[in-house]
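K.L.:
Mind looking at a prediction? Sequence and model below.
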Amino acid sequence: MTPLQLQGIGMTSQRTRDRLVGRLIEQGIKNPDVLAVMADTPRHIFVDEALSHRAYEDTSLPIGFGQTISRPYIVAKMTELLLKTGPLESVLEIGTGCGYQTLVLSQVAKRIHSVERIEGLQKKARQRLSLLRVNNVRFKHADGNWGWPEEGPFDAILSAAAPETIPKELTLQLNIGGRLIIPVGIGDDQQLTLVTRTEDGFKKEILEAVKFVPMLSGTKAIKG
Ligand code: SAH
């Protein structure tokens, strides 16, 4: 897929984004499509104006409602892992947050379905992506523990929130050969985990220690 046409938005930060990509390469990100998308995606429009000067640091930042935007490294890493087996048609994202990872995914897969439990965050993310004229993403305000069964099965599922154990419903919404990338664990003791659905079951690989917000249950209609 061609990188997003930015039409002026965020082009002022191109040099800063190129430096970010340099750091991603140093950290081991190799997929050229992922690097191109990271170079073209404006992260500063996803954080409060007061924090926008820090948008291209490799750090998580607050996005309101007690949640954080994921570190660019982890966004790139998870996207690279999902793409390892080839091009993706359909992706389910759990935890839309501000929509930055959603925008990255929308440029490497045909169709994205994104679920968020906090209505205020979901609304803002939807507005930002529509402003950027992204039209291959569908949003749902729901508890992502249950996935989005009506739209599945998916080639890939990415969770940006950490459950204590892997929700079975999510694994059941994978195509054969499909991959679920998800942080699993409690508090500081979380592991990035890759589950692949095979002909006769599931294969689980533990990848690296990570720190994500917890996967909570139910939905919240906080206005923002
Ligand atoms: N990639 C996002 C990450 C946001 S943090 C970004 O960069 O902005 C993780 C998000 O997961 C939060 O917005 C949180 O509200 C959401 N979340 C937590 N539990 C959830 C659940 N059960 N269903 C859907 N979203 C959930």
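P.N.:
Received it, and whenever you're ready, just let me know what you need. Since we're looking at a predicted model, the values are computed, not measured.
K.L.:
Partner strands of whichever strand or helix holds Thr68 and their direction?
P.N.:
Per DSSP states H and E, Thr68 falls inside strand 67-69. Using DSSP bridges, the strands paired with strand 67-69 are strand 61-64 (antiparallel).
K.L.:
Tell me which residues of the partner strand come out buried.
P.N.:
61, 63-64 (16 or more other CB atoms under 10 Å). All C-beta atoms are positioned from the backbone trio N, CA, C, and that covers glycine.
K.L.:
Equivalent analysis for stretch 172-186, please.
P.N.:
173-174, 178-185.
K.L.:
and of those residues, the nearest to Lys124?
P.N.:
Checking the buried residues of stretch 172-186 against Lys124 by CB to CB gives Pro183 as the nearest, at 23.0 Å.
K.L.:
Can you verify the closest one is assigned to a helix?
P.N.:
No: counting by DSSP: H, G, I helix; E, B strand; the rest coil, Pro183 is not part of a helix but strand.
K.L.:
and it, what is it in contact with?
P.N.:
Pro183 makes contact with 159, 161-162, 190-193, 210-212 under the criterion CB atoms under 8 Å, 6 or more residues apart in numbering.
K.L.:
near the ligand, which of the residues you listed show up?
P.N.:
With CB under 6 Å from any ligand atom as the criterion, the members of the contacts of Pro183 in contact with the ligand are Ala161.
K.L.:
Whichever of the contacts of Pro183 end up buried, select them in PyMOL.
P.N.:
Selection of buried members from the contacts of Pro183 for PyMOL, criterion 16+ other CB under 10 Å:
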select buried, resi 159+161+162+190+192+193+210+212
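K.L.:
Counting only strands, which of the contacts of Pro183 make the cut?
P.N.:
Within the contacts of Pro183, residues falling in strands by DSSP state E are 159, 161-162, 190-193, 210.
K.L.:
what's the strand holding Thr68 in contact with?
P.N.:
43, 46-47, 60-63, 97-98, 100, 118, 121, 213.
K.L.:
can you name the two of the residues you listed that are farthest apart?
P.N.:
Arg43 and Ile118 (20.0 Å).
K.L.:
Can you tell me the closest non-neighbouring residue to Asp155?
P.N.:
Leaving out its chain neighbours, the residue that sits closest to Asp155 by CB to CB, 6 or more residues apart in numbering is Leu88, at 4.7 Å.
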